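**Q** Okay, here's the prediction I keep looking at, along with the sequence it came from:
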Amino acid sequence: MDLSLVWAVIILFGIMMYIIMDGFDLGIGILYAFFKEKGDRDLMMNTVAPIWDGNETWLVLGGAGLLAAFPLAYSVILSALSLPLLFMLMALIFRGVAFEFRFRAHDTERHFWDKAFLCGSIAATFFQGMTLGAYLQGIKVVNQVYAGGPLDWISPFSVFTGLGLLVTYALLGCTWLIMKTDGELQSCCYKLSQRISVCLFTIIIVISIWTPLMDSRIAERWFSMPNFLWLSPVPLLVAIVFYRLQKSLQAKSETTPFIYTLCLILLGYMGLGISIWPNIIPPDISIQAAAAPQQSQIFALIGALVIIPVILIYTGWAYYVFRGKVNPDEAYH
Amino acid sequence: MSDLALTLARFQFGFTISFHIIFPAITIGLASYLAVLEASWLKSRNTVYLDLYHFWVKIFSLCFGMGVVSGLVMAYQFGTNWAGFSSVAGSVTGPLLAYEVLTAFFLEAGFLGVMLFGWNKVGPELHFTSTVMVALGTLVSATWILASNSWMQTPQGFELVDGKVIPLDWFKIIFNPSFPYRLIHMVIAAYLATALFVVAAGGWQLLHGKNNPAVRKMLSMGLWLILLLAPLQVVIGDMHGLNTLKHQPAKIAAIEAHWENKGEEATPLVLLAWPDMAQEKNLFAVEIPVLGSLILRHSLTEQIPALKDFPARDRPNATIIFWSFRVMVGLGMLMILLAVTSAWLRWKGTLYQNSTFQKFCILMGPAGLIAILAGWFTTEIGRQPWVVYGLLRTVDAVTPHTAGEVGLTLALFVVIYFALFGMGTVYVLRLVNGGPKTGEALQGDAISINRTELDEFMVAPEFHPDPQPSPPTTSTSTGKNAPKDH
Ligand code: HDD
Ligand code: HEM
Ligand code: HEM
């Protein structure tokens, strides 16, 4: 069995968990732009306060897993994308401390941490999206070292993926809030979700057209024969899910909008994955070429296979403890 | 790669890790302290413990938040700034970091929510379990990251193929020669730093006339711990030094500013000096003959290797680590002084009244954190010019960025860290100033408080509802009448 393949799957799983879980909590920060009331903002933040740290830990797992199983990819990708990644991390600092500081601040200071939470969430998401876009466009490597310039990551495409991710996370956050709140806040979220989901649908279409046009190798991967058959249901599924999402929002159901949003994101993620598979540093370094020595991959794999299920169990338990609507009377600790 | 860019990259790493380690040091200590407090509360149902828990958990959560976000930066910086290091040695440090994430970070994060917000959601046993899991997580985390760092100091259990590290024996990699010493030294350091912080908070409260059972209890607990750990730290530190002498003799020579061995003369101990790297000698040295041999060889004649035994390009900067080492040891001695004084005052029965002692406690509040930073500076700068000792030089480890790029991110980090973590410190100090509140225990309805016990507690003579700080004289007298906590 090919260990590198197993590791690629684990890392893809970790990144997906990250996108989903930190996605809705970054989304809540982005949505601060639409809610100005202190009461609303308290409530929104309290829907994620007990779990945001765990959500962010998936990002650390992505980084550590990459370093463990594909040190070459880790060193090349991170040095190529060092600026947007460091900007993202700085932005995450602003929003991370806002969770704690906002509830400790005097009334006159609170507006500052509200802004830190809002701007930090927006900036973190935007740079994450740009990183993703730049990664898809490919990284210039000579002799196993990054050979491009410090600003290669800036392009119209990466700006567009940055905006795309903002909309994605906003929708995740909005449908999460539908699930966790009620009353006026919830009805606002229904309305917002409808508008944001239309934006997201448009963005998915644009990216699906833009990506193959941008890179002939990706086009080849999409339209060559067995792949095309596998991929052809994807646009259809996207359309169906989008339609169901709209219906469930109109029907005011509480959990299904979040689930349909997750489906949309999964479909998009698969599309992107197929665009670069089986490379780990696009356009041409493969998973096998960047792999760590067997000894490293096996050692870490034992831990990952045993411990990740346990993690999923107790993380699930923590979500279960904080299930249901958040109660406005339950203040921060 | 210009020299400037390398210097900036090193500065950036040193700066971000120095900020990071401050928060783990406090969270490692406080998490264990909170577990002890909650256990004591469950066992004795004495609400003092619960009050203290509620007081310190707020400070803990602030520090934890700052620890998480500054740690996130560290995990990515290996790739963004130290690509050479990651691609050569990532096969060892990567799996260790992955295990840290899997066994420690997720554990901390998973149970943290219940620990902070779960009082009314789960029963007392489950809540206590959560606190213990978080405490365990911090210790497990320290274990993995120190295994990784110690391997970089004293690497073994691998072979080099095409310039890349191939791990052979994971047991040897993790239990490398300096790991046990470094782990014990660091965990004790974290406990000491936290205890000093707790004691300073207690001293501050007493000095401002807020003398209540919770304040006395935390001062007392902290001082007992320091009395136990500060002398122990000297013993461990000495063993750590002997181990370093064996594996990194150049580092010890630089720490001792020992330039050359003259004939058969035993090595002296240089107490104070200004080691000058360019002139290869000490300016203004104050020395004690033979003591160096005595401490490091436990002998009256045997010499230790001297700096001039190593080529100039392999010598660490003695000017810096000579002093950082002395700062650490000096503060360690002050901690012992504090602990011994407290034992003496306790015996005389004036521990909670002596205002000079309270001021001493407050002054020593940051001493543990400063000693930790000084210790790490000694360790890490003493390892130079290597990143992985004897294997990979720092110059070869760095990502070839331009100086402008690294300079920009460094400047941003400096501004952001000082602003945000500075505000964080203000919030922590505000909480400390507020002091433990005596009524807070009543808030959690999931906790069954024994009513009669509580009533007794409320009417007890030493109970003063907080806000009106009584003048120091009255507080002294109440303190005298109050029953001793220990
Ligand atoms: C002796 C202990 C120690 C040392 C030397 C370090 N850390 Fe740390 N770190 C911790 C002890 C710790 C901790 C106690 O486990 C923290 C502090 C607060 C927290 O949330 O966990 C933590 C948090 C923390 C996090 C956030 C975890 C989360 O999301 O919950 C990351 C990614 C790192 N660290 C990574 C690093 C790296 C890459 C280091 C080395 C360069 C490093 N730490 C040094
Ligand atoms: C936690 C406390 C720590 C502190 C305060 C600290 C401090 C420092 C400092 C000041 C430097 C710069 C040395 C120089 O360039 O002259 C450095 C370098 C370095 N440290 Fe640490 N360190 C700590 C822990 C760690 C750990 C746990 C690791 C690894 C797992 C680590 C890995 C490194 C690496 C890779 C460098 C190389 C960069 C360089 O040489 O500048 N450090 N550290
Ligand atoms: C007073 C006697 C002490 C002695 C003899 C001593 C000895 C040492 C030595 C020799 C090192 C360098 C090890 C190496 O890099 O190879 C070291 C590092 C260190 N010391 Fe101390 N130390 C003492 C007190 C303290 C105190 C009081 C603290 C903090 C509260 C402290 C915290 C540290 C830390 C954090 C490091 C870096 C991590 C490590 O390498 O273990 N030390 N110490």
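**A** Okay, I see it. Ligands and ions are numbered 1, 2, ... in the order given.

**Q** what's the pLDDT at the residue in the stretch 101-250 of chain A that ligand 1 sits nearest to?
**A** Going by C-beta to the nearest ligand atom, ligand 1 is nearest to A:Ala124 of the stretch 101-250 of chain A, at 14.2 Å. The way it works is simple: take the backbone N, C-alpha and C, and place the C-beta from them, glycine included. Reading off the confidence values, A:Ala124 has pLDDT 95.

**Q** burial count for the residue nearest to it when sequence neighbours are not counted?
**A** Excluding the flanking residues, the one nearest A:Ala124 by C-beta to C-beta, 6 or more residues apart in numbering or on different chains is A:Ala91, at 3.8 Å. For A:Ala91, the number of neighbouring residues by other C-beta atoms under 10 Å in any protein chain shown comes to 24.

**Q** give the contact list for A:Ala91.
**A** Counting by C-beta atoms under 8 Å, 6 or more residues apart in numbering or on different chains, A:Ala91 touches A:119-124, A:127.

**Q** elements contacting the worst-scoring helix or strand of chain A on mean pLDDT?
**A** One helix or strand of chain A scores below all others by mean pLDDT, DSSP states H and E: helix A:225-231, with a mean of 78. Of the remaining helices and strands, those touching helix A:225-231 by 3 or more C-beta pairs under 8 Å, 6 or more residues apart in numbering or on different chains; DSSP states H and E are helix A:216-223, helix A:256-276.

**Q** what distance separates the helix or strand just after the longest one from the centre of its chain?
**A** Using DSSP states H and E, the helix or strand that directly follows helix A:256-276 along the chain is strand A:279-281. In terms of C-alpha atoms, centre = their mean, to the nearest Å, the centre of strand A:279-281 is set 19 Å apart from its chain centre.

**Q** The helix or strand harbouring A:Leu59 near ligand 2 anywhere?
**A** If you go by DSSP H and E, A:Leu59 is part of helix A:52-69. No: judged by C-beta under 6 Å from any ligand atom, helix A:52-69 makes no contact with ligand 2; its nearest approach is 11.3 Å.

**Q** Quick check, the residue in the stretch 251-400 of chain B closest to ligand 2?
**A** Per C-beta to the nearest ligand atom, B:Trp376 is where the stretch 251-400 of chain B lies closest to ligand 2, at 3.1 Å.

**Q** B:Cys352 reaches B:Met218, doesn't it?
**A** Quick fix: residue B:352 is Tyr, not Cys. No: counting by C-beta atoms under 8 Å, B:Tyr352 does not reach B:Met218; the two are 11.6 Å apart.

**Q** Just the buried positions in the helix or strand where A:Gly23 lies, please.
**A** Take DSSP H and E as the rule and A:Gly23 turns out to sit in helix A:3-31. For helix A:3-31, a neighbour-count test (16 or more other C-beta atoms under 10 Å in any protein chain shown) marks A:3-4, A:7-8, A:10-31 as buried.

**Q** Check stretch B:380-393 too.
**A** B:380-384, B:386-389, B:392-393.

**Q** and the contacts of A:Ala91 as a markdown table, adding distance to A:Ile204, secondary structure and neighbour count?
**A** Converted to a markdown table, those look like this (distance: C-beta to C-beta, whole Å; DSSP: H, G, I helix; E, B strand; the rest coil; neighbours: other C-beta atoms under 10 Å in any protein chain shown):
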| residue | distance to A:Ile204 | secondary structure | neighbour count |
| --- | --- | --- | --- |
| A:Cys119 | 26 | helix | 18 |
| A:Gly120 | 26 | helix | 23 |
| A:Ser121 | 22 | helix | 29 |
| A:Ile122 | 20 | helix | 20 |
| A:Ala123 | 23 | helix | 20 |
| A:Ala124 | 22 | helix | 26 |
| A:Phe127 | 21 | helix | 25 |
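
**Q** what's the closest of these to A:Phe322?
**A** A:Ser121 (20.4 Å; C-beta to C-beta).

**Q** quick one, what contacts the closest residue to that closest one other than its chain neighbours?
**A** Leaving aside its sequence neighbours, A:Ser121 sits nearest to A:Gly29 (C-beta to C-beta, 6+ apart; 2.4 Å). Neighbouring residues of A:Gly29 by C-beta under 8 Å, 6+ apart: A:95, A:117-118, A:120-122, A:173.

**Q** who touches B:Ile304 in this structure?
**A** Contacts of B:Ile304 by C-beta under 8 Å, 6+ apart are B:245, B:249, B:252-253, B:256, B:258, B:267, B:292-293, B:296-297.

**Q** please redo it, this time with the cut-off set to 7 Å
**A** With contact taken as C-beta atoms under 7 Å, 6 or more residues apart in numbering or on different chains, B:Ile304 is in contact with B:245, B:252-253, B:258, B:267, B:292, B:296-297.

**Q** quick one: low-confidence parts of the stretch 201-333 of chain A?
**A** Low-confidence segments of the stretch 201-333 of chain A, defined by pLDDT under 70, are located at A:328-333.

**Q** Those residues of it touching chain B, which are they?
**A** A:292-293, A:295-296, A:299-300, A:303-304, A:307, A:311, A:314-315, A:318, A:321-322, A:333 (C-beta under 7 Å from any C-beta of the partner chain).

**Q** what's the farthest-apart pair in the contacts of A:Gly29?
**A** Within the contacts of A:Gly29, two members stand farthest from each other by C-beta to C-beta: A:Gly120 and A:Gly173, at 14.0 Å.

**Q** Secondary structure, distance to ligand 1 and pLDDT added to the buried residues of stretch B:380-393, as CSV?
**A** Below are the buried residues of stretch B:380-393 laid out as CSV (DSSP: H, G, I helix; E, B strand; the rest coil; distance: C-beta to the nearest ligand atom, whole Å; pLDDT from 0 to 100):
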residue, secondary structure, distance to ligand 1, pLDDT
B:Glu380, helix, 10, 92
B:Ile381, helix, 15, 92
B:Gly382, helix, 16, 90
B:Arg383, helix, 13, 90
B:Gln384, coil, 16, 84
B:Trp386, strand, 16, 88
B:Val387, strand, 12, 89
B:Val388, strand, 14, 90
B:Tyr389, coil, 16, 88
B:Leu392, strand, 16, 86
B:Arg393, strand, 19, 86
